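> what follows is a protein structure lacking sequence information:
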């Protein structure tokens, strides 16, 4: 949502907005969290991902597994993930398609 509208097909994010992004506190990860992240990395490191729009729209298996793992590490329950992740995907698909129309 913090993209600039002046770059046509590319999304620019202002540095001031980038500073608002939340990132993992690596030092705060448990051994279990690290193991989950390493496991998903090993599983997906050679997977060729389609475009982000295709990933979200078609529920590309690797995108879903990656996102579910990250959300688990962030503390979301399986119930919350299963309820909210499809909604997030649908919202992102709508936004990406709207951006394409603006071009």
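Right, received. Where do you want to start? Because the structure is a prediction, the values reported are computed rather than measured.
> so where is this structure shaky, pLDDT-wise?
For the chain, the stretches with pLDDT under 70 are 1-12, 102-103.
> which residue is the nearest non-sequential neighbour of the residue most central in space within it?
With distances taken as Cα atoms, centre = their mean, the chain has residue 67 as the residue nearest its mean C-alpha position (5.9 Å). In space, and not counting its chain neighbours, residue 67 is closest to residue 85: 6.1 Å by Cβ to Cβ, 6 or more residues apart in numbering. Using the backbone N, CA and C atoms, a C-beta is placed for each residue, glycine as well.
> for the one you found, list the residues it contacts.
64, 67-68, 71 (Cβ atoms under 8 Å, 6 or more residues apart in numbering).
> then residue 39?
Neighbour list for residue 39: residue 69 [criterion: Cβ under 8 Å, 6+ apart].
> tell me how far it lies from residue 19.
Residue 39 sits 31 Å away from residue 19, going by Cβ to Cβ, to the nearest Å.
> list the buried residues for the lengthiest helix in the chain?
The residue-count maximum for a helix in the chain (DSSP state H) belongs to helix 78-102. Neighbour counts using 16 or more other Cβ atoms under 10 Å place 81, 85, 89, 93 of helix 78-102 among the buried residues.
> in TSV, list those residues along with distance to residue 27.
Putting the buried residues of helix 78-102 into TSV (distance: Cβ to Cβ, whole Å) gives the following:
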residue	distance to residue 27
81	24
85	27
89	30
93	35
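> which of the residues you listed lies closest to residue 54?
Within the buried residues of helix 78-102, the smallest distance to residue 54 is 9.8 Å, found for residue 93 (Cβ to Cβ).
> all helices of the protein, in order?
In the chain, the helices defined using DSSP H lie at 15-18, 31-44, 52-57, 61-73, 78-102.
> kindly reformat those helices as CSV containing distance to residue 25.
As requested, the helices of the chain are exported to CSV (distance: least, Cβ to Cβ, whole Å):
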stretch, distance to residue 25
helix 15-18, 17
helix 31-44, 10
helix 52-57, 26
helix 61-73, 11
helix 78-102, 20
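> so which of those helices is nearest residue 24?
Ranking the helices of the chain by proximity to residue 24 (Cβ to Cβ) places helix 61-73 first, at 7.5 Å.
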